[in-house]
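Visitor: Make a model of this:
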Amino acid sequence: MTKINQFEKAIGSGFYTGFIPFAPGTFSSFAALLIYYIPGFEKPQILIPAIIIFTFYGIFLGSKFETVYGKDPGQCTIDEIVGMWVTLLFLPKTLLISAVAFFVWRAFDIIKPYPMRKIEEIEGGIGIMSDDIVGGLYSLFTMNLIIYFLIK
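Guide: Model prediction:
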């Protein structure tokens, strides 16, 4: 029987946002945005290692969460944390850009354009994490286009 301890539950659920009964992915993405606003967290030498650590730990936790709660469970939202952070990587840290990035990220995470939906079908933590990393990359690319053509 797989058990998830309290630390794993806290991190895997995006600081318990995964247990909010409606829109847990949105709440966990917002939690990721709040963490991003810790002074200095946006620096690539901080954000990139955080993304890498949370990705690998998310693969491990995602598999555990899936064993306990079922396929790609809503309770596991560490993937939304990572996807939001990937979206914000290298972007100017302003409220406008962060707000737009949040909505762009949520749109990609909900719509899941190709190959996100296909990647999500992969079993275990790899599937849980990988589609959101791809979505974060889509969002980052889209944000760079928005900044280049609309904001600057």
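Visitor: which element follows the lowest-mean-pLDDT helix or strand in the chain toward the C-terminus?
Guide: Here the helix or strand of the chain ranked lowest by mean pLDDT, DSSP states H and E is helix 116-120, holding a mean of 93. Later in the chain than helix 116-120, the nearest helix or strand by DSSP states H and E is helix 124-146.
Visitor: What sits closest to Ile81 if chain neighbours are left out?
Guide: Distance criterion CB to CB, 6 or more residues apart in numbering; nearest residue to Ile81, sequence neighbours excluded, is Ala32 at 4.3 Å. For the C-beta atoms, the positions are set from N, CA and C on the backbone; glycine is no exception.
Visitor: Now do the host helix or strand of the one you found against helix 124-146, angle only.
Guide: Under the criterion of DSSP H and E, Ala32 resides in helix 24-36. On the basis of axes from the mean of the first three to the mean of the last three CA atoms, to 10 degrees, helix 24-36 is oriented at 70 degrees to helix 124-146.
Visitor: Next, the buried residues of the next helix or strand along the chain from helix 24-36.
Guide: Next helix or strand after helix 24-36 toward the C-terminus (DSSP H and E): helix 44-69. Of all the residues in helix 44-69, those buried under the rule 16 or more other CB atoms under 10 Å are 47, 50-51, 54-55, 57-59, 61-66, 68-69.
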